[in-house]
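K.L.:
Sequence unavailable; structure follows:
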């Protein structure tokens with residue numbers, strides 16, 4: 001039983017993280033920003049930024065702070081649908 005609950009918890013966490021990355025992309029598109037524009041503003045490569053949106057690399061808090069400033073939103077907006 002514990003093993004099944006652990007798998008379900010991991011599945012929920014993965015779904016929440018996917019929502020987080022989708023939210024970032026959603027706000028970027030709403031603001032009509034390209035991935036290249038965001039990457040330049042964040043001082044990272046476009047590939048690194050695309051990896052953030054795809055969820056293949058973690059977004060450090062310092063980069064998240066920079067990203068929400070660029071998008072003109074609060075951090076809570078990204079996490080709103082997750083909780």
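P.N.:
Done, it's in. Please read these numbers as outputs of a predicted model, since none were measured by experiment.

K.L.:
Setting aside sequence neighbours, what's the nearest residue to residue 53?
P.N.:
Distance criterion Cβ to Cβ, 6 or more residues apart in numbering; nearest residue to residue 53, sequence neighbours excluded, is residue 25 at 4.7 Å. All C-beta atoms are positioned from the backbone trio N, CA, C, and that covers glycine.

K.L.:
That neighbour: helix or strand, and which one exactly?
P.N.:
Residue 25 belongs to helix 2-30 when elements are defined using DSSP states H and E.

K.L.:
what's the answer for residue 59, then?
P.N.:
Using DSSP H and E, residue 59 falls within no helix or strand.

K.L.:
The one 4 residues further on now?
P.N.:
Per DSSP H and E, residue 63 falls inside helix 61-71.

K.L.:
Ok, residue 32 next?
P.N.:
Here residue 32 is covered by no helix or strand, with elements defined by DSSP H and E.

K.L.:
Check the one 4 residues further on too.
P.N.:
Under the criterion of DSSP H and E, residue 36 resides in helix 35-42.

K.L.:
so after that helix, what's the next helix or strand?
P.N.:
Past helix 35-42, the next helix or strand by DSSP H and E is helix 46-54.

K.L.:
what does that following helix rub up against?
P.N.:
Contact with helix 46-54 is made by 21, 24-25, 28, 35-36, 38-39, 42, 57, 59, 63, as judged by Cβ atoms under 8 Å, 6 or more residues apart in numbering.

K.L.:
what about 7 Å?
P.N.:
For helix 46-54, the surrounding residues in contact (Cβ atoms under 7 Å, 6 or more residues apart in numbering) are 21, 24-25, 35-36, 38-39, 42, 57, 59.
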